[in-house]
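Participant: All I have is the shape, not the residue letters:
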């Protein structure tokens with residue numbers, strides 16, 4: 001009979017709390033990064049855990065991998081910006097940059113996939 005590792009002896013609730021804490025630390029790093037690019041390596045360094053633990057934490061707490069979760073948050077931020085902006089030249093580009101996208105074509109594709117319309121359609125939604 002082998003000995004049980006300390007992590008295997010933890011209560012399930014302790015594990016969940018630990019994984020939730022990892023996600024909250026990563027979210028704080030995301031907020032601090034603002035619109036700068038964010039990598040998986042950055043998140044692992046900020047949380048002090050490896051990739052596997054980071055993925056486990058995000059799947060349990062958020063139901064998505066970490067980079068997909070943060071990409072969705074940035075797209076939501078861009079959508080809010082577009083919905084609350086007056087339509088003018090450069091607003092879509094500004095929304096993309098504010099959301100951390102530097103490839104505008106990729107931004108448009110991801111945005112359409114997430115919201116079912118182009119960023120310019122969102123920007124012009126309330127125009128007569």
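Facilitator: The structure has been received and is ready for your questions. Since this is a predicted model, take the numbers as computed values, not measurements. Numbers count the residues shown, from 1 in each chain.
Participant: Residue 62 is in contact with residue 26, isn't it?
Facilitator: No. Assessed by C-beta atoms under 8 Å, residue 62 is found out of contact with residue 26, at 9.7 Å. C-beta coordinates here come from the backbone N, C-alpha and C atoms, glycine included.
Participant: Counting neighbours, go ahead and name the busier of the two.
Facilitator: With neighbours defined as other C-beta atoms under 10 Å, residue 62 and residue 26 compare such that residue 26 has more, 25 against 17.
Participant: Now do the contacts for the more buried one.
Facilitator: Counting by C-beta atoms under 8 Å, 6 or more residues apart in numbering, residue 26 makes contact with 43, 46-47, 54, 57-58, 66.
Participant: quick one, what contacts residue 57?
Facilitator: For residue 57, the contact set (C-beta under 8 Å, 6+ apart) comprises 19-20, 22-23, 26, 47, 49.
Participant: Now, of these, which are buried?
Facilitator: Burial by neighbour count, 16 or more other C-beta atoms under 10 Å: within those this picks out 19, 22-23, 26, 47, 49.
Participant: tell me, how many neighbours does residue 66 end up with?
Facilitator: 24.
Participant: Tell me which helix or strand residue 13 sits in.
Facilitator: In this structure, residue 13 is located in helix 12-33 according to DSSP states H and E.
Participant: so after that helix, what's the next helix or strand?
Facilitator: Counting by DSSP H and E, the next helix or strand C-terminal to helix 12-33 is helix 40-47.
Participant: Show me what that following helix is packed against.
Facilitator: helix 12-33, helix 51-61, helix 66-83 (3 or more C-beta pairs under 8 Å, 6 or more residues apart in numbering; DSSP states H and E).
Participant: re the thing from before, quick one, the helix holding residue 13 and helix 51-61 angle?
Facilitator: Helix 12-33 and helix 51-61 are oriented at 100 degrees to each other (axes from the mean of the first three to the mean of the last three C-alpha atoms, to 10 degrees).
Participant: ok and helix 12-33 relative to helix 40-47, angle-wise?
Facilitator: For helix 12-33 against helix 40-47, the angle between stretch directions is 120 degrees (the same axes, to 10 degrees).
Participant: Now do the contacts for the closest residue to residue 67 other than its chain neighbours.
Facilitator: Spatially, and ignoring its direct neighbours in sequence, residue 67 is nearest to residue 40 (6.1 Å; C-beta to C-beta, 6 or more residues apart in numbering). Shown in contact with residue 40 (C-beta under 8 Å, 6+ apart): 51, 54, 66-67.
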